[in-house]
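Trainee: Fold the stuff below for me.
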Amino acid sequence: MTGRAASSGWRDLDATARAMARATEGLEESAGPPAVAPDELAAAQEALLLVTAAGNKLARQLDLLANRYSGAGLVQPSEVQVALDQAAAAAEDLGNCTKVAAQAIEDERGPRDDEPTAGPGPQRTGEQDER
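Mentor: Next comes the predicted model:
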């Protein structure tokens with residue numbers, strides 16, 4: 001791995017970590033008594049979606065760094081590569097969990113007046129198999 005590529009990867013990672021720190025500030029503000037006002041729920045959901053995006057970006061960046069630290073032809077991966085792979089998996093899990101939490105808030109909020117209501121689901125045709 002070249003020094004320039006590693007340096008750039010670590011700088012990108014640092015920028016994402018700072019963005020994630022800013023995103024989690026919104027979650028900290030939402031901590032405390034359960035949010036019941038629509039604007040509080042919307043703020044909590046937005047903070048979760050920001051953490052989701054940052055977690056997904058962080059996972060991609062950690063994967064790229066892990067690949068840079070992989071040794072071609074080595075029987076076992078380096079400790080750095082393993083640690084970066086594990087961190088990438090944890091970041092991906094974080095993104096997935098915060099996405100589910102944001103969706104749960106959306107589901108709990110229910111339909112809003114400014115959104116069209118969903119019509120009936122897909123209609124079955126005689127050609128589809130019964131299970």
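Trainee: how many neighbours does Ala104 have?
Mentor: Applying other CB atoms under 10 Å, we find 12 residues neighbouring Ala104. All C-beta spots, glycine's among them, are computed from the backbone N, C-alpha and C.
Trainee: Against Asp63, how distant is it?
Mentor: Counting by CB to CB, to the nearest Å, the gap from Ala104 to Asp63 is 27 Å.
Trainee: again with Asp39
Mentor: Taking CB to CB, one finds Asp39 at 36 Å from Asp63.
Trainee: higher neighbour count, these two?
Mentor: Set Asp39 next to Asp63 and count neighbours by other CB under 10 Å: Asp63 wins out with 17 against 8.
Trainee: any weak-confidence spans in the chain?
Mentor: 1-6, 30-32, 34-36, 111-131 (pLDDT under 70).
Trainee: And the residue nearest the centre of it?
Mentor: Gly95 (2.1 Å; CA atoms, centre = their mean).
Trainee: leaving aside the residues next to it on the chain, what's closest to that residue?
Mentor: Setting aside the residues directly before and after it, Gly95 is nearest to Gly55 in space (CB to CB, 6 or more residues apart in numbering), at 3.2 Å.
Trainee: Which neighbouring elements make contact with the one helix or strand that neighbour maps to?
Mentor: Secondary structure from DSSP states H and E places Gly55 in helix 38-68. For helix 38-68, the elements it packs on are helix 3-30, helix 79-109, judged by 3 or more CB pairs under 8 Å, 6 or more residues apart in numbering; DSSP states H and E.
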